[in-house]
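S.K.: turn this into a structure:
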Amino acid sequence: MPGLSVDEVACRYGLSAADIAKLGSAENPYGPSSAAQAAVAEAISRVQLYPSWTAEPLRERLAETYGYEQRNYLCGAGETEIISVLIRAFAGQGDPILMPAPCFPMYHLFAEAEGRVADLCYEATDRPSMAVDVDAYVAAIRPEHKIVFITNPHSPSGTWTAESDLRRVIEAASHCLVVLDEAYVHYSGDPGGIGLVEEYPNLIVLRTFSKVYGLAGLRLGFGVAHSGVIDVLLAAKPTWNVGQLQIAGGVAALGDHDFVAKTVDTICDARSYVQDLFDAKLDRFRCVEGSRSNFFLIELLDHDLNSTGVWQSLLERGVITKDGAVSFRGLGQRFLRADVNFRQRMDQLVAALGDLP
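M.R.: Residues are numbered from 1 along each chain as shown. Sure, this is the predicted structure:
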């Protein structure tokens, strides 16, 4: 779920909105792709028309971009809508759904809202890095699981799971649907797991336009899987769930390669920069190493501090982060999650942490 808004924090603490570092929502600091903005503006002239109920122009562009055929793609109002649809479609009332702990909270929130059982694998984390322990996760897979989630890069740690380990999870869960969530994959330096879809009929790979493409407010995501999986989801999804503006923005964004490259270069540079800042300037906080995403974990090394208190103190200093104790089950009171952003925002974060009493 997104962090607090800049306007809310500015109003609450009497701060200038321009001076606030919003580091709680993993948004693109550059904003939206200019090509997508232009396409959305042009599409306004078509808003009186119903869109294709399958978002066919976007499915066509996705097939051109990533391979496979149009029938292998499902489009939704963000990844989150697709997650909710696949939980309804592939798990029945009372069925267990496996997910690592901590994880993206929408997995368990949607599962519980739909009367399914969210089975969080709390043993599947290695505390120094917070990376998923694949051995423990594979061992936790049971025949009664209907869906198995894995996120790569992992949220909230940003750590990477190698393809060989992804294969272990997919093959151990061959009896059910495996959902590989790649919302942050552009920042990883790896092409990701879409190529695995050809080999595994029980796999769906999810991606979003909210992160590297800067279209979080437009609400757009997609899944790619064998056509049998997609057909089930098409039957379960709302009919016109993706509108004219979303289709136009997504098609344009997929072609704006320069914008994606600029964003990735900026984030990767700032990710190394903030790690160095933590090492050089802070002794009560640790930047958890290994993130290949556009966010990272901050560990509280001073046991007189807790994540909720630090989160609140940062807000008062104009820095928005995520409180791990509130946002992620299983993370506890020792961690915050912060976005990677422009270098000056990383300076602001480190200065605010250093200013805490």
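S.K.: phi first, then psi, for Asp323.
M.R.: phi -80, psi 120 (degrees, to the nearest 10).
S.K.: ok, for it, nearest residue in space, not its chain neighbours?
M.R.: Of all residues not flanking Asp323 in the chain, Trp311 sits nearest, at 3.9 Å (Cβ to Cβ, 6 or more residues apart in numbering). Using the backbone N, CA and C atoms, a C-beta is placed for each residue, glycine as well.
S.K.: in terms of secondary structure, what does the helix or strand harbouring that neighbour contact?
M.R.: Element membership for Trp311 (DSSP states H and E) is helix 307-316. In terms of contacts (3 or more Cβ pairs under 8 Å, 6 or more residues apart in numbering; DSSP states H and E), helix 307-316 is packed against helix 6-13, strand 322-323, helix 324-327, strand 335-339, helix 343-355.
S.K.: how about the CA coordinates for it, as PDB?
M.R.: Extracted as PDB, the C-alpha positions of helix 307-316 are listed here (Å, rounded to 0.1, in the frame of the first residue of the first chain):
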ATOM      1  CA  SER A 307      10.400   1.500  13.700                       C
ATOM      2  CA  THR A 308       7.100   3.300  14.500                       C
ATOM      3  CA  GLY A 309       8.900   5.900  16.500                       C
ATOM      4  CA  VAL A 310      11.600   6.500  13.900                       C
ATOM      5  CA  TRP A 311       8.900   6.600  11.100                       C
ATOM      6  CA  GLN A 312       7.100   9.300  13.000                       C
ATOM      7  CA  SER A 313      10.200  11.300  13.700                       C
ATOM      8  CA  LEU A 314      11.100  11.200  10.000                       C
ATOM      9  CA  LEU A 315       7.700  12.500   9.100                       C
ATOM     10  CA  GLU A 316       8.200  15.500  11.400                       C
END
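S.K.: chain center to stretch 275-292: distance?
M.R.: Chain-centre distance of stretch 275-292: 22 Å, with Cα atoms, centre = their mean, to the nearest Å.
S.K.: and stretch 201-220, by the same measure?
M.R.: Offset of stretch 201-220 from its chain centre (Cα atoms, centre = their mean): 8 Å.
S.K.: much appreciated, bye for now.
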